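Let me see the structure of the following:
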Amino acid sequence: MERTAATPTEQTALTSLQAFPHLASLVGADRLEAFLSRSLGKEPFRRRLPEGLGSSLFGWDRLNAALAQHRLGPPRLKLEKNAKDAGKGVFRARASGRNNTIYDVDLPRLYEQLRDGATLILDAVNELGGALQMLCDGLANEFSAASQTNLYACWGTSQGFDVHWDDHDVFVIQLEGTKRWSLYGVTRRAPLRKDFSHDHLRPAEPHEDIVLEAGDMLYLPRGYWHAASGLGVPSLHLTVGLTRKTGHDFLAWLSDQALAHDAVRADLPLESDDATLGNHIAAILASAVSNTDPADLGRRFRRHAEARRNHRPQPSFPCIAQAAFAFEPTTRIVLSRGAIHLRAASQPSAFILSHRGIEYTLASSLRPVITAMTEGKAVTYGDLAQASPSPSEMSAFVTDMIARGVFVLAPP
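Predicted coordinates:
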């Protein structure tokens, strides 16, 4: 698999860039369309990242600071060597509370294990904030999915994990040093952990061995057998996981939606013959999707997926003391992070803002200002009041949208 180089000027269709700006930063804007059609969920993709992108996400200094400033321990922080736990004696429980255990790290023992070939793993490193958190949030919004980044540091030549496949897509970003990746391929398309078939065994030998250098990115689709091993130099890499929704997720949601129909709630006639039972099942299947536009079903499921995503709180203190806060005209306001869509309403005097899966019907005169906010721009309270058909009610409206977590006060 050849590694494509980053190009100075990267262009693609505007619609795709608007929909996938964070994905484009990983795969390249000029290769975004090809990645979406040929690689996503299908085959590996390798690319040289633009200079400085990897180091902006994480590095040795941030790892040192994380271990010094946070009480990290198992299972989030762990040591693995040849698919076995190597953390015994390294992480020592100092105090246990009702909901968590505080660990101390024995640094001399940690260094000894790392010199002996163990891999240090820190899960959910994106939760430490910064550009990496923004990247994961952005990918999650673009795909209505879950995204988490784990970090791996090693100095030896052994494998942290044995040959395996992941139940999510992975973007590997090599930050420092080099690492060898053995690629074995797919033996079952799009496998799931909750799957009836686990007899898809890995191939005996890899079909390709590649070495990632600092600044390289490798994409592996769900179900792709692989293993990584060190090369005897300090190596630091990230795996940005993307857990996308499947047809199984949609059907589980649809079964709950179908409870509105009598045939779905009725008892199954298992006491009858197969033909009678089959007719009843046919009625159930017809009821579940009767008179429903597939596009509308898709939109409703997308909103459901967006609404169920977890988000970090973005408070806007101090405006919580009354129903209508006294905003200054120059007060700056932005939309909080999350999936955002605009669409027409049934009446021309209104439009619909969808934020994190919840839909709000707003006056059409506000659409230019809200559109600017969806582009990441800050607007002023005065901008909103001027565009509103009811300026006197704007204070209560903005306060309510802040209380709902849609609007956030921005720094001056």
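
which stretches of the stretch 1-150 of the chain form strands?
Along the stretch 1-150 of the chain, counting by DSSP state E, counting those that start in this stretch, strands occupy 45-48, 77-81, 84-85, 91-96, 101-105, 119-122, 146-154.

I'd like to know which elements the third one is packed against.
What that stands for is strand 84-85. Strand 84-85 sits against no helix or strand, with contacts defined as 3 or more Cβ pairs under 8 Å, 6 or more residues apart in numbering; DSSP states H and E. All C-beta spots, glycine's among them, are computed from the backbone N, C-alpha and C.

what's the model's confidence in it, averaged?
Across strand 84-85, the average pLDDT comes to 90.

how about the helices of the stretch 201-350 of the chain, start to end?
247-257, 262-265, 274-289, 294-307 (DSSP state H, counting those that start in this stretch).

Would you reformat the ones you listed as TSV and include mean pLDDT?
Below are the helices of the stretch 201-350 of the chain laid out as TSV (pLDDT from 0 to 100):
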stretch	mean pLDDT
helix 247-257	93
helix 262-265	90
helix 274-289	90
helix 294-307	93
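
how distant is stretch 103-114 from the center of its chain?
In terms of Cα atoms, centre = their mean, to the nearest Å, the centre of stretch 103-114 is set 31 Å apart from its chain centre.

Same question for stretch 254-263.
With Cα atoms, centre = their mean, you get 29 Å for stretch 254-263.

Quote the end-to-end distance of it.
In stretch 254-263, first residue to last residue: 14 Å (Cα to Cα, to the nearest Å).

Out of the helices of the stretch 201-350 of the chain, which one sits most buried?
Comparing the helices of the stretch 201-350 of the chain by mean neighbour count (mean count of other Cβ atoms under 10 Å), helix 294-307 comes out on top with a mean of 15.

report the angle between the axes of that helix and strand 146-154?
Helix 294-307 runs at 50 degrees relative to strand 146-154, counting by axes from the mean of the first three to the mean of the last three Cα atoms, to 10 degrees.

switch to numbering from 46
All set: I'll call the first residue 46, so the last point we hit is now helix 339-352.

and helix 339-352, C-alpha only, in PDB?
What follows is helix 339-352, C-alpha atoms only, in PDB (Å, rounded to 0.1, in the frame of the first residue of the first chain):
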ATOM      1  CA  PRO A 339     -37.700   6.100   4.000                       C
ATOM      2  CA  ALA A 340     -36.100   9.500   3.900                       C
ATOM      3  CA  ASP A 341     -38.200  10.600   6.900                       C
ATOM      4  CA  LEU A 342     -37.300   7.400   8.700                       C
ATOM      5  CA  GLY A 343     -33.600   8.200   8.000                       C
ATOM      6  CA  ARG A 344     -34.000  11.700   9.300                       C
ATOM      7  CA  ARG A 345     -35.700  10.600  12.500                       C
ATOM      8  CA  PHE A 346     -33.100   7.900  13.200                       C
ATOM      9  CA  ARG A 347     -30.300  10.400  12.600                       C
ATOM     10  CA  ARG A 348     -31.900  12.800  15.100                       C
ATOM     11  CA  HIS A 349     -32.200   9.900  17.500                       C
ATOM     12  CA  ALA A 350     -28.500   9.000  17.100                       C
ATOM     13  CA  GLU A 351     -27.500  12.700  17.600                       C
ATOM     14  CA  ALA A 352     -29.700  13.100  20.700                       C
END
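
between it and helix 319-334, how big is the angle?
Using the same axes, to 10 degrees: helix 339-352 against helix 319-334 is 70 degrees.

which helices and strands does helix 339-352 pack with?
helix 292-302, strand 403-408.

want to try JSON lines for those, with distance to His386 as columns?
JSON lines is the format used below for the helices and strands packed on helix 339-352 (distance: least, Cβ to Cβ, whole Å):
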{"stretch": "helix 292-302", "distance to His386": "18"}
{"stretch": "strand 403-408", "distance to His386": "9"}
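
closest one to Leu380 among the strands of the stretch 46-195 of the chain?
Closest to Leu380 of these, according to Cβ to Cβ: strand 191-199, at 19.4 Å.

partner strands of that closest one, parallel or antiparallel?
strand 164-167 (antiparallel), strand 280-288 (antiparallel) (DSSP bridges).

just checking, next helix/strand downstream of it?
The helix or strand immediately downstream of strand 191-199 is strand 214-221, counting by DSSP states H and E.

that older thread, could you dump the strands paired with strand 191-199 to a markdown table with mean neighbour count?
Output for the strands paired with strand 191-199, formatted as a markdown table (neighbours: other Cβ atoms under 10 Å):
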| stretch | mean neighbour count |
| --- | --- |
| strand 164-167 | 23 |
| strand 280-288 | 23 |
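
Same list (the ones you listed) but as TSV, adding mean pLDDT.
Shown next, in TSV, are the strands paired with strand 191-199 (pLDDT from 0 to 100):
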stretch	mean pLDDT
strand 164-167	96
strand 280-288	98
